[in-house]
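Asks: Give the three-dimensional model of this entry:
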Amino acid sequence: TAADILRAPVFTVKEDDSVQELAALLAKKKISGTPVLNNQNRVVGIVSEGDLVSQGADIHFPHYIELLGNIIYLESIKKYEEKLEKAAASLVKDIMTTEVITVQKEAPLHEIATLLTDRKVNRLPVLDGDILIGIITRADMVRAMAKG
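Replies: You can find the predicted model right below:
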């Protein structure tokens, strides 16, 4: 089960922490991502190196065509706006992913493997009810498989 292979304690950040504090934690602890907690210590997001790296990426205005006085965007203007917001963000809550996929401590390993694969995530916070008790990464799954 998840409880058998989770890693604890979990390094976390608060949603109101600065992006600089997040970067320092990831670098210091040599981790690639972490759950984000609110003031009640509940998981409200997840943030990764990718979220930080996207801040430094070039942002390109969506391609468009002008037809009969109208502008038709060939790419999503909404995605452009989201990238622009992330690039200007100074707080974790502005760059975190809010759709967090979690598992309960009783979750079987096959369910965890399926979530990691199908949802293309690298880490799953493990909860006991709504309390964060650990985290499982793809590497943890590989170690569990190697043990048999």
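
Asks: in the protein, which spans are strands?
Replies: 13-14, 33-37, 43-48, 64-67, 70-73, 103-104, 123-128, 131-137 (DSSP state E).

Asks: which other residues reach the second one?
Replies: Residues outside strand 33-37 that contact it (Cβ atoms under 8 Å, 6 or more residues apart in numbering) are 10-15, 22, 25-26, 43-50, 92-93, 96, 100, 122-123, 125, 132, 135. For every residue, glycine as well, the C-beta is placed using N, CA and C.

Asks: State the mean pLDDT of stretch 93-101.
Replies: The pLDDT scores in stretch 93-101 average 92.

Asks: measure that stretch end to end?
Replies: 17 Å (Cα to Cα, to the nearest Å).

Asks: Then stretch 16-34?
Replies: For stretch 16-34, the end-to-end distance is 14 Å (Cα to Cα).

Asks: In that stretch, which residues are buried?
Replies: By 16 or more other Cβ atoms under 10 Å, the buried positions in stretch 16-34 come out as 17, 19, 22, 25-26, 31, 33-34.

Asks: Then stretch 132-145?
Replies: 132-137, 140-141.

Asks: Reformat those residues as TSV; add pLDDT.
Replies: Listed next are the buried residues of stretch 132-145 as TSV, based on pLDDT from 0 to 100:
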residue	pLDDT
Leu132	97
Ile133	97
Gly134	97
Ile135	97
Ile136	97
Thr137	94
Asp140	93
Met141	91
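
Asks: from the residues you listed, which two are the most distant?
Replies: Spanning the widest gap among the buried residues of stretch 132-145 are Leu132 and Met141, at 18.8 Å by Cβ to Cβ.
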